[in-house]
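>>> Quick one: sequence plus predicted model below, questions after.
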Amino acid sequence: MRKAIVLGLACCAAIGLAVGVGSRAAQAQAKPQEKPATLKVETAGENGSYHIRVTSPVLARSVYLSFGHLNVKVADNYFDLIPGETVEIIATSSATLNELRTQLKVISLRDAFEPSGQSPVARVQPESPGQLH
């Protein structure tokens, strides 16, 4: 029986039939292209206590807040965003709101796999101090 299976696989390979490999390629081609997460970020706060709101129109996996060289503690990090959902994160830091906005980068899992320079990393736009929009 073992010889028949081996012979059958050898015949398939000899006539050009892909065993297992072709099905993976077909699945990869059939998979719909994922839209990149366009993250909307709003910040507000004062006196070292800040609120950061993140929203996405599409699924955003493992969203991460980075603050560069600033010392910032966040209540949550590495979270998933469902389309249309808003997540509000509480952050504490001795930095000012402007310093926080300048250094804040919001990155999703997809961004980690984008070629350098093509990642749509969200940066916070200047807003009026103290209020979320």
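That came in fine, so what should we check first? If you're wondering where the values come from, they're calculated on a predicted model, not measured in any experiment. Residues are numbered from 1 along each chain as shown.
>>> what about Thr102, is that helix, strand or coil?
Recorded secondary structure, Thr102: helix (DSSP: H, G, I helix; E, B strand; the rest coil).
>>> can you count the residues close to it?
Applying other CB atoms under 10 Å, we find 15 residues neighbouring Thr102. To be clear about C-beta, it is placed using only N, CA and C from the backbone, and glycine gets the same treatment.
>>> ok, now how distant is it from Thr96?
Taking CB to CB, to the nearest Å as the measure, Thr102 and Thr96 are separated by 9 Å.
>>> now do Leu81
Relative to Thr96, and taking CB to CB, Leu81 is found at 27 Å.
>>> Which one's more surrounded, these two?
Per other CB under 10 Å, whichever of Leu81 and Thr96 has more neighbours is Leu81, with 21 against 15.
>>> Quick check: Gly68 touching Leu100?
No - assessed by CB atoms under 8 Å, Gly68 is found out of contact with Leu100, at 9.8 Å.
>>> Of these two, which one has the most company?
Shown here are Gly68 and Leu100; by other CB under 10 Å, Leu100 has more neighbours (21 against 11).
>>> Show the pLDDT at that one.
Note for Leu100: predicted pLDDT of 94.
>>> Then Gly117?
You'll see Gly117 listed with a pLDDT of 51.
>>> tell me the strands in this structure, going along the chain?
40-46, 49-55, 60-66, 72-74, 79-81, 86-93, 105-107, 122-123 (DSSP state E).
>>> Let's have the ones you listed in CSV, adding distance to Phe113 and mean pLDDT.
Formatted as CSV, those follow (distance: least, CB to CB, whole Å; pLDDT from 0 to 100):
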stretch, distance to Phe113, mean pLDDT
strand 40-46, 21, 94
strand 49-55, 19, 95
strand 60-66, 11, 92
strand 72-74, 23, 95
strand 79-81, 16, 93
strand 86-93, 22, 96
strand 105-107, 11, 91
strand 122-123, 16, 52
